[in-house]
Each structure stands twice: as C-alpha cells, then as structure tokens.
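# Curious how this folds, go ahead:
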Amino acid sequence: MTSLEDRLEQRAIAGGARPHESEPYLSEAFLESVEHFSSFPGLAVPLDGATGAFHAPATCYRLFRDVSSRRLDGRLVSTVTGSCRRNEKDFASSRLPEFTMREIVFIGGGDEVAEWRAALMQSEGAFAAELGLDAELVQAQDLFFGAAAVNRGKRLMQHLLGLKYELVAPIAGKPVAISSFNLHRDFFTSRLGIEVAGVDSPHSGCVAYGLERWVEALRYRWGTDEDSWPGEVRNLVGA
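I've put the predicted structure just below:
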C-alpha cells in the first residue's frame, strides 16, 4: 500500500499540490455545518470514547475544516491522505467500513477549478492505462454533497452540471469506482467562510483515490501469480 500511496503523492506534488497534515477526527459541529448528517443519514462513525467526535468519512473534510473562516492569499492545491470510516450498510471487497483515501483538493476561481479537474481526469485515466487497467470515466449517479441523498432534483442537477465523474475499473468482474473527480462549486467555501484573494466567489474541487480499490483492481487485472506481474505493477502494490 505504501508504494502506491507514495506514487500518488509524488504525482500530486508534481502537479503543484502541497502535502497537508492535520488532526484526523472531525467534530459534530463541523459535519453539521457541511450538511453531512442530512445528506448521508447514519453514515458517520462516532469516535469511541469521545463525545461529539467522528471519524472522517472523506479526507478532504479535514482540509476544509483547517481552512475554515480563512482568507487565502491565492489558490490552494493540497493533498491529504488518511483512514476513513463510513457506516455502510453492505460491506464487500469494494465497499469497506474502513479504507484509505488519498485526495487532492483545489480551491480557487470556478473556471480554474474546472480546468484543473479536467486535466487530472485525463492524466489519471492515462496512468491507469499505463498500469494495464481497463478503466473508463463515467458520470456518477450518487449525490456526494448537499441536501438529502433522496432528492431527485439535486441528483439531476449534479448530473446535468457534470459535478462528479468516476474512474471505473473491473474488480471481481464488476465495474467499481477507484477514483472520483468532483466539483463542489461554492458549497464548502460559502458554508465555511473560505475566501480567496482576487476571487469573488471561490469554488472547490477534489480528486479522491480509494487505495484499497486500486490495489484490488490491479490484482484482478494481473492475476494471483504475483511473480508474473510487470515489474512496475509488482513494485506498486508491494508484491
């Protein structure tokens, strides 16, 4: 896992992202402020022995918390990683109760955030192809922020605006999202009081990599005989 995570961090830094380290747990007040409880009822996992503290359901939340109520000197591009926990109803190899997520977060003008995401969609699709994955980009159907997940109007708007794409690869014969490419518009910046110098209405976006899913997709592609894998893939998953 470390080799894959290192490679993804190196790619993020090469693209201009700065590593970000922070407290891994989130307060109830923060999750309430970004409408997590209403958007994803029952998904948050409380931290054992702590009142009002929760495991992060996504690593980008930690960064947004850390820059809340701040005025940034210019656009921000950061990468953050860590363990995430979600109280999923159905667990499988592709949907785990605890998993590792590497994210890159961009905050800036709306157009530059969209252009940044488009570039990463292309480069990460090419990276997956280099590793031999039969991956493709598809528009996601699930809501990923804002309003209750059952809200059909929100779901339609997300689809029409192209706010979330996923890089999908086969795992156990089924297409599974191994990365997602998300535009938040001003959802987080407006709710958290995040300002950017020279930008009237800053937007944000993120790219998320599910590390366990990437490993499983590579193993499904190259089989159980690890000695026969291409050297780069073997090194990447620590085989």
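# What segments of the protein are strands?
For the chain, the strands defined by DSSP state E cover 18-19, 25-27, 53-55, 71-72, 76-85, 98-108, 136-139, 164-171, 174-185, 195-196, 203-210.
# Now render those as TSV, adding mean neighbour count, mean pLDDT and distance to residue 44.
Every residue, glycine included, has its C-beta placed from N, CA and C. Converted to TSV, the strands of the chain look like this (neighbours: other Cβ atoms under 10 Å; pLDDT from 0 to 100; distance: least, Cβ to Cβ, whole Å):
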stretch	mean neighbour count	mean pLDDT	distance to residue 44
strand 18-19	11	97	26
strand 25-27	17	97	8
strand 53-55	18	96	5
strand 71-72	14	98	27
strand 76-85	20	96	9
strand 98-108	23	96	13
strand 136-139	13	94	26
strand 164-171	22	95	20
strand 174-185	21	94	19
strand 195-196	19	98	28
strand 203-210	25	96	17
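# could the ones you listed be laid out in CSV, adding distance to residue 116?
Below are these laid out as CSV (distance: least, Cβ to Cβ, whole Å):
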stretch, distance to residue 116
strand 18-19, 14
strand 25-27, 25
strand 53-55, 28
strand 71-72, 15
strand 76-85, 8
strand 98-108, 5
strand 136-139, 16
strand 164-171, 13
strand 174-185, 10
strand 195-196, 14
strand 203-210, 7
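# Report the spatially closest residue to residue 232, excluding sequence-adjacent ones.
Nearest residue to residue 232, sequence neighbours excluded (Cβ to Cβ, 6 or more residues apart in numbering): residue 131, at 7.1 Å.
# who's the residue nearest the centre of the chain bridged to?
Centroid check for the chain by Cα atoms, centre = their mean gives residue 208 as the closest residue, at 2.4 Å. With DSSP bridges applied, residue 208 shows beta-bridge pairing to residue 103, residue 180.
# show me the contacts for it.
58, 59, 60, 101, 102, 103, 179, 180, 182 (Cβ atoms under 8 Å, 6 or more residues apart in numbering).
# Same list, those residues, but as JSON lines with distance to residue 80 please.
Below are these laid out as JSON lines (distance: Cβ to Cβ, whole Å):
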{"residue": "58", "distance to residue 80": "10"}
{"residue": "59", "distance to residue 80": "5"}
{"residue": "60", "distance to residue 80": "7"}
{"residue": "101", "distance to residue 80": "9"}
{"residue": "102", "distance to residue 80": "8"}
{"residue": "103", "distance to residue 80": "6"}
{"residue": "179", "distance to residue 80": "15"}
{"residue": "180", "distance to residue 80": "15"}
{"residue": "182", "distance to residue 80": "14"}
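# Just the closest of these to residue 32, please.
Distance to residue 32 across the contacts of residue 208 (Cβ to Cβ) is lowest for residue 58, with 15.6 Å.
# Quick check, pLDDT for that closest one.
At residue 58, the pLDDT value in this model is 94.
# before we move on, what about the one 5 residues further on?
Residue 63 is assigned a pLDDT of 97 by the prediction.
# Might you report the residue contacts of it?
20, 22, 78, 80, 103, 105.
# Same question for residue 179.
Residue 179 neighbours (Cβ under 8 Å, 6+ apart): 124, 166, 167, 207, 208, 209, 210, 214.
# mind running it again at 6 Å?
124, 167, 209 (Cβ atoms under 6 Å, 6 or more residues apart in numbering).
# what does residue 193 give?
Applying Cβ under 6 Å, 6+ apart, the residues near residue 193 are residue 69.
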